[in-house]
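Engineer: Requesting a structural model of the entry that follows:
(one chain, ligands or ions: 1)
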Amino acid sequence: MSKVPGCSPCGSGVLTDLGIPLEKFHAPSEGDAIFTSAVEYFTAEGFFISSEKVGLAAGASQPQLSAHRAKFHSTLLAECLRVLGQEKVILNSRFTQLESFEDHVILHFEKTTTKDPMPPVRCDFAVGADGLKSRVCRALLGDGAPRYTGRMIYRGLCEVEAIHADGCTVSLCGHENGNFICYPISEGMREKGQFLCNWGLCVLRTHPGGEEKWTSEATLEEIREELEEFGGNRFAGLTPLQLAERTEKIIGWSLFDRDPLESFDFGSVTLLGDAAHPLLPYGSQGATQAIMDAEALGVSYQNAMAKGTGIRGCVKEYSDLRCEVTGKVVIANRDMGSTAVLRVAAVETQGMAVDEKRTWCAEHGKRLHDEVIQKYRASMPKSVRAVAER
Ligand SMILES: Cc1cc2nc3c(=O)[nH]c(=O)nc-3n(C[C@H](O)[C@H](O)[C@H](O)COP(=O)(O)OP(=O)(O)OC[C@H]3O[C@@H](n4cnc5c(N)ncnc54)[C@H](O)[C@@H]3O)c2cc1C
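Structural biologist: Below is the predicted model of the structure:
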């Protein structure tokens, strides 16, 4: 499918294979996503370390998408309604509990808005795709609390009247304990020479406390000093602090993941996406791996129906295809994924004078590209169909 194995084009390839034209995600009047061309890495002072081409620019057959989450969801929802029909998509319902039997499952829901219980649903097969705080996972495995990383990411969105680089580039700067990312997420604005800038600052923070505090609105003052450290960097002419100053609302997300599971096989129930393997937001893998799970589940279902092994055969094959490989992504992302290049550069240049650092980055960028960035990319799981077609 893609010449860049395991990279985000694998995810967009699954979507096009489902029959969703890429234009739906890309057109400014619809998904408005950028076709991302590159990821570039800078030190905290603003020295260029390395860059990697991604998506079509890297020779993949499908693009890497950078999108506004709500617009991406709206595109998917519209396609689900078109393909499945209105009556199959039931919103405003929260899963609360399940009862698992030999050949069926009973699921319980409540109305999200009113918490009124809804009639139980009997089904042959259930897939929990309910994210990091998955209730389905909790119902299957008990209350194993997610693991706090000691880090928080502050996110914001702002508009800039100029583009950065080619208008399709993701930029990162910093080091292990403080790093900043920004990238464009509106094709419509890019075409007008503007930049709808999605930015994030990842920094060390103590445990936030109860679940309700994992995500909260933040003030610029909480992060001003940390942003000032990156003042030597300019994106579309602005420093990270200046981008944050243009931002109306800043949200802080405490970063959690879970230890990899031993199996996704729970008889007639399975897990998918962050519910199965919550990923730290490095390397653009979270959404990609969730979509690739769905692809593997579809392939396993077709195979099981053809072989007559039923739902249990399907769940077992899916678990065999995806549990171990996604567990490796969880571990690789704990080590910062491709962003680890910032840590390696900071550690190896520690104590150097400014000019010496600049020269070191120019001399060692290619090595870090191969040893850190490409090593991570090459270790990402491959599309199950691409593997089967070989
Ligand atoms: C700050 C931050 C930035 C990120 N940035 C990126 C990025 O740039 N690129 C990337 O690829 N990944 C990124 N990720 C990771 C990415 O968001 C996740 O890996 C991805 O969303 C996982 O998809 P999912 O469908 O499994 O879970 P989710 O996107 O979490 O979706 C779960 C859904 O289940 C619903 N739900 C929850 N509980 C229930 C219930 N009881 N009943 C019914 N429905 C329920 C939720 O409302 C939600 O709609 C980021 C994560 C964070 C925290």
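Engineer: Break down the stretch 151-300 of the chain into its helices, ranges please.
Structural biologist: In the stretch 151-300 of the chain, the helices defined using DSSP state H, counting those that start in this stretch lie at 187-191, 224-228, 240-245, 286-307.
Engineer: sorry, that was for the stretch 1-150 of the chain
Structural biologist: Using DSSP H, counting those that start in this stretch, helices in the stretch 1-150 of the chain cover 9-17, 22-26, 69-84, 135-141.
Engineer: To the ligand, which of those lies closest?
Structural biologist: helix 135-141 (4.2 Å; CB to the nearest ligand atom). Where C-beta positions appear, they are placed from N, C-alpha and C, glycine not excepted.
Engineer: returning to that earlier point: is it possible to get the helices of the stretch 151-300 of the chain out as JSON lines so that each row also shows mean pLDDT and mean neighbour count?
Structural biologist: JSON lines is the format used below for these (pLDDT from 0 to 100; neighbours: other CB atoms under 10 Å):
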{"stretch": "helix 187-191", "mean pLDDT": "98", "mean neighbour count": "18"}
{"stretch": "helix 224-228", "mean pLDDT": "98", "mean neighbour count": "15"}
{"stretch": "helix 240-245", "mean pLDDT": "98", "mean neighbour count": "20"}
{"stretch": "helix 286-307", "mean pLDDT": "96", "mean neighbour count": "20"}
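Engineer: Of all residues in the stretch 101-250 of the chain, which one is closest to the ligand?
Structural biologist: Closest contact between the stretch 101-250 of the chain and the ligand, by CB to the nearest ligand atom, is at Gly131 (2.8 Å).
Engineer: Comparing the helices of the stretch 1-150 of the chain, which stretch has the densest surroundings?
Structural biologist: helix 9-17 (a mean of 23; mean count of other CB atoms under 10 Å).
Engineer: what sits up against it?
Structural biologist: 1-2, 4, 22, 25, 54-56, 60-65, 287-289, 291-292, 294-295, 380, 382-383, 385-386 (CB atoms under 8 Å, 6 or more residues apart in numbering).
Engineer: Kindly recompute the last result at 6 Å.
Structural biologist: Helix 9-17 is contacted from outside by 1-2, 22, 55, 60, 62-65, 288, 291-292, 295, 383, using CB atoms under 6 Å, 6 or more residues apart in numbering.
Engineer: Could you check how far that helix is from the centre of its chain?
Structural biologist: From the chain centre to the centre of helix 9-17 is a distance of 15 Å (CA atoms, centre = their mean, to the nearest Å).
Engineer: biggest helix in the chain, by residue count?
Structural biologist: Under DSSP state H, the helix in the chain containing the largest number of residues is helix 310-334.
Engineer: Can you give me the buried ones in that helix?
Structural biologist: 311, 313-319, 321-323, 325-327, 329-330, 332-333 (16 or more other CB atoms under 10 Å).
Engineer: Identify the bridge partners of the residue nearest to Ile49 when sequence neighbours are not counted.
Structural biologist: Distances taken as CB to CB, 6 or more residues apart in numbering place Tyr41 nearest to Ile49, at 4.5 Å, with adjacent residues excluded. Beta-bridge partners for Tyr41, by DSSP bridges, are Ser50, Leu172.
Engineer: Tyr41 is in contact with Val341, isn't it?
Structural biologist: Yes - using CB atoms under 6 Å, Tyr41 is in contact with Val341, at 5.1 Å.
Engineer: the more surrounded of these two?
Structural biologist: Per other CB atoms under 10 Å, whichever of Tyr41 and Val341 has more neighbours is Tyr41, with 28 against 23.
Engineer: got the contact list for the more buried one?
Structural biologist: 49-50, 172, 341.
Engineer: hmm, which of those are the buried ones?
Structural biologist: 49-50, 172, 341.
Engineer: now, the most widely separated pair of those?
Structural biologist: Spatially, the most separated pair among these is Ser50 and Leu172, at 10.4 Å (CB to CB).
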